[in-house]
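**Student:** model this:
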Amino acid sequence: MSRYQIKVSETDISTIAAEGVSVLDACLEGGVALEYNCRSGECGECIATLVSGTVKELPGADPAIFNDGHRAEGKILACMCYPQSDLVLSTRLSARPQAAIGHHHVHVTQVIPHGPSIYEVRMLSDQPIDYEAGQYFEWVVPGVSSNRSYSVANRPGSCELIFHVKAYEHGEVSQYLKQGRLREGDMFELVGPYGTFGLGSQAEAPAVMVAGGTGLAPLCALLEEEFASGRKRQIRLFFGARASCELYWLDRLQQWAQKHPQFQYFPVIADPDSSPDWQGELGLVTDLMQRKLTDAMGYEAYLCGPPAMIDAVEDLLICKGIDESDLHADRFLAVV
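**Tutor:** A predicted model of the protein is given here:
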């Protein structure tokens, strides 16, 4: 079996890739802290420059994220490429601590529906699992064709892990939940943690957070981390959904706002016809931000949700003066 060295240019950092392992996975297994998120060619976080060597690229990358223009510049998408020789890469490295990726056995303690399509799943491990707020785990679901990735909605430090799951009409995991096949006491395997999404370095800068649907989950973990730190920086959370039944955990957000005066939250729905009794804000989350956020200069931003929403929010915040280096995004893909 072939083995290839992967080296980060202008550093002493390197690792070995076994045959059949992607550049990204080899780096993660070897402790090379590449920036990454989705691991499936959809977010673009792991784009690197190939200084030397050859790779085989698998099809399937989102062309809006990675395309022939990038290839012409000698760039690769580390999650979609497999070494064919020793490699030298020029790439960003994450300054965030990287917890070791492992297999973890947990058991389900609660499955709580929030409306017709959102489920809160609580799991318990025998001892606390090492991860950072903002990271995600793969679920190994019995009878489901491939692992599914879900972000943790609570901060690390306890034996409990909380996940928010969006159920889709024809999804495998969705049917697993809707049919009640995931029950209290079920044993489960998690793989991870994965991802480099998390709190930035400007601890005192005001922050704007934007969640679309279950993109709320990792932001809740970040909020818990912020509140536990004792910092008092201003935080505004904009929470968008199609219908009011998809706006969940509003009671928890209200409790946090009452306990922490520096925190404000603004829910909004895009489809008023779906929620005739809704008395709150209407429109896209960017419409609400236009009304509530005068400028974003000096802010940090944390964005979680569908890629189209994140792209629109990033454009808006840049127009309002935010430094692009202070944009932190986790693009949620539809996981069925």
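
**Student:** Show me where this protein dips below the pLDDT cut-off.
**Tutor:** 96-97, 333-336 (pLDDT under 70).

**Student:** Quickly list the domain ranges of it.
**Tutor:** 3-90, 102-194, 207-331 (automatic domain parsing).

**Student:** As JSON lines, these with distance to residue 201 and mean neighbour count would be great.
**Tutor:** The C-beta positions use only the backbone N, C-alpha and C, and glycine is treated the same way. Shown next, in JSON lines, are those (distance: least, C-beta to C-beta, whole Å; neighbours: other C-beta atoms under 10 Å):
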{"stretch": "domain 3-90", "distance to residue 201": "14", "mean neighbour count": "18"}
{"stretch": "domain 102-194", "distance to residue 201": "14", "mean neighbour count": "17"}
{"stretch": "domain 207-331", "distance to residue 201": "9", "mean neighbour count": "18"}
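
**Student:** mind checking the end-to-end distance for stretch 83-90?
**Tutor:** Chord length of stretch 83-90, first to last residue, is 15 Å (C-alpha to C-alpha, to the nearest Å).

**Student:** got a list of what residue 76 touches?
**Tutor:** 23, 47, 48, 49, 50, 55, 57, 89 (C-beta atoms under 8 Å, 6 or more residues apart in numbering).

**Student:** change it to 7 Å
**Tutor:** 23, 48, 50, 55, 57 (C-beta atoms under 7 Å, 6 or more residues apart in numbering).

**Student:** element containing it, please.
**Tutor:** In this assignment (DSSP states H and E), residue 76 forms part of strand 75-77.

**Student:** distance between that strand and the chain's centre?
**Tutor:** 21 Å (C-alpha atoms, centre = their mean, to the nearest Å).

**Student:** Repeat that for stretch 59-77.
**Tutor:** That offset, for stretch 59-77, works out to 21 Å (C-alpha atoms, centre = their mean).

**Student:** CA atoms only for that stretch - export them in CSV, please.
**Tutor:** Output of stretch 59-77 as CSV, limited to C-alpha atoms (Å, rounded to 0.1, in the frame of the first residue of the first chain):
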residue,chain,number,x,y,z
PRO,A,59,-16.1,14.9,-8.7
GLY,A,60,-18.8,16.5,-6.7
ALA,A,61,-17.4,19.8,-5.5
ASP,A,62,-19.9,22.7,-5.7
PRO,A,63,-18.7,24.7,-8.7
ALA,A,64,-19.8,28.0,-7.0
ILE,A,65,-17.2,27.1,-4.3
PHE,A,66,-14.4,25.5,-6.3
ASN,A,67,-14.0,25.5,-10.1
ASP,A,68,-11.6,25.6,-13.1
GLY,A,69,-10.5,29.1,-12.1
HIS,A,70,-9.1,27.7,-8.8
ARG,A,71,-7.5,24.8,-10.6
ALA,A,72,-5.8,27.1,-13.0
GLU,A,73,-4.2,28.9,-10.0
GLY,A,74,-2.9,25.6,-8.7
LYS,A,75,-5.4,25.2,-5.9
ILE,A,76,-7.0,22.0,-4.6
LEU,A,77,-9.9,21.2,-2.4
